[in-house]
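A.B. asks: this one's sequence-less:
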Ligand code: FAD
Ligand code: UDP
């Protein structure tokens, strides 16, 4: 059997490897000139620093299968994401933890006191938050919400927090101790040689042919089945309309040595036009001292136009309705499976992407064993 995989990110690479392992021929296409999808990393030509071209990526997971899977294809170095945030002229740590609370309110509270203090601030009349703002007000109260979330969220999403789902905020922890790890997951790390090297190793198997710089739309060959990890609306020529995305503009600049002393600095005030600055040498602490220069990126968020890279799916009611209709079309489309963040129009972290791709491989096995079409 000859299969086609559209997209050389984590989703496509994992399915390709699995099919090749079962003895099939697999053609992997990507219109970009590189592997890795949005997780692509490369050495910066000027400074030599390993750069995450489409924004900072930290691997973190609670799924042991996903963690063990990626670990087979490269070494992951320990890395803990510790985000700093500038608000109203001061620097704090995020996610909101005891240091953030004590610094912000000029207090020296312990965990129990701080918990009671924040419970007083929180709006207890909101029992079931219906949107981002209600979630924030019911969790941390108005002062912390305004200082850290209101302006940043308006910049990031171009919408009022009242229009956004509560789930966007729910993914951030709130801690009453001094733990400033941005994530709660037991496994977290950074690939020693970057993500592209991991994906290259996944795709390095007999039976896999990779064609970079190749658009699926330009391919006329016939395949037994297509696994499509590109945008679902694009597959159907946008016939039901375009699903909305936010895109990012990255403004690159260099400095000597160390620019900001940390990997990620968020800018929470609305008056600052960018959302954050990432300094990529700090994502690889084991090698950062060897670089004399440093490279940083200011991140600006805006609504994606037709020719922009899609980053964050907007997923408001209108988009969800359109997505449901595209899903109906996808179900009726023979010989094609849609997966990954663009194929399913969902914000997926890398670990969820890996978990879902491995689950797709399990389903492929079941179908092949049963002699059924995939
Ligand atoms: P992608 O990586 O997007 O790959 C899809 C590929 O398909 C692309 O290379 C594209 O060029 C190709 N393609 C699409 N259409 C076609 C076509 N018609 N023909 C040919 N090729 C096509 N996750 C984390 O776990 N930790 C993080 O810190 C993190 N940070 C992130 C930061 C940002 C700014 C964003 C937007 C995402 C972040 N993520 C993070 C999520 C992560 O990027 C995704 O989980 C991952 O990229 C999903 O992989 P994928 O293979 O599904 O899709
Ligand atoms: N957020 C914020 N201020 C911050 C960090 C995050 O308001 O300093 C909000 C913002 O709306 C963001 C959401 O919290 O989209 C989730 O944060 P996360 O860090 O998960 O954002 P992402 O990784 O998706 O950029």
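C.D. replies: Now that the structure is in, tell me what you want to look at. Treat the numbers as computed from the prediction; the structure is a model and nothing was measured. Residues are numbered from 1 along each chain as shown. Ligands and ions are numbered 1, 2, ... in the order given.

A.B. asks: make it CA atoms for all contacts and neighbour counts henceforth
C.D. replies: OK.

A.B. asks: residue 230 against residue 9, yeah?
C.D. replies: No - using C-alpha atoms under 8 Å, residue 230 is not in contact with residue 9, being 9.9 Å away.

A.B. asks: how about the helices in the stretch 51-200 of the chain?
C.D. replies: Ranges of helices within the stretch 51-200 of the chain are 64-71, 98-105, 111-121, 132-139, 142-144, 151-157, 167-170, 195-203, based on DSSP state H, counting those that start in this stretch.

A.B. asks: ok, the residue of the stretch 51-200 of the chain found nearest ligand 2 - contacts?
C.D. replies: Closest contact between the stretch 51-200 of the chain and ligand 2, by C-alpha to the nearest ligand atom, is at residue 149 (3.2 Å). Contact analysis of residue 149 by C-alpha atoms under 8 Å, 6 or more residues apart in numbering lists residue 268.

A.B. asks: and what of residue 336?
C.D. replies: Counted by C-alpha under 8 Å, 6+ apart, residue 336 has contacts 225-228, 330.

A.B. asks: what is the helix or strand of the chain at the bottom of the mean pLDDT ranking packed up against?
C.D. replies: None of the helices or strands of the chain scores lower by mean pLDDT, DSSP states H and E than helix 167-170, at a mean of 92. The contact analysis (3 or more C-alpha pairs under 8 Å, 6 or more residues apart in numbering; DSSP states H and E) places helix 167-170 against helix 132-139.

A.B. asks: for the helix it packs on, which helices and strands make contact with it?
C.D. replies: helix 167-170.

A.B. asks: how close does the residue of the stretch 51-200 of the chain closest to ligand 2 sit to residue 93?
C.D. replies: According to C-alpha to C-alpha, to the nearest Å, residue 149 stands 13 Å off from residue 93.

A.B. asks: overlap in contacts, those two.
C.D. replies: The contact lists of residue 149 and residue 93 share no entry, where a contact means C-alpha under 8 Å, 6+ apart.

A.B. asks: burial of residue 218, as a residue count?
C.D. replies: Residue 218 sits with 8 neighbouring residues when counted by other C-alpha atoms under 10 Å.

A.B. asks: what packs against the lengthiest helix in the chain?
C.D. replies: Ranked by residue count under DSSP state H, the longest helix found in the chain is helix 350-369. Under the contact definition 3+ C-alpha pairs under 8 Å, 6+ apart, helix 350-369 sits against helix 10-21, strand 59-61, helix 64-71, helix 340-343.

A.B. asks: which residues sit against it?
C.D. replies: So helix 350-369 is contacted by 10-12, 14-15, 18, 59-61, 63, 65-67, 339-341, 373-374 (C-alpha under 8 Å, 6+ apart).

A.B. asks: so it versus helix 64-71, what angle?
C.D. replies: Angle of helix 350-369 versus helix 64-71, following axes from the mean of the first three to the mean of the last three C-alpha atoms, to 10 degrees, is 100 degrees.
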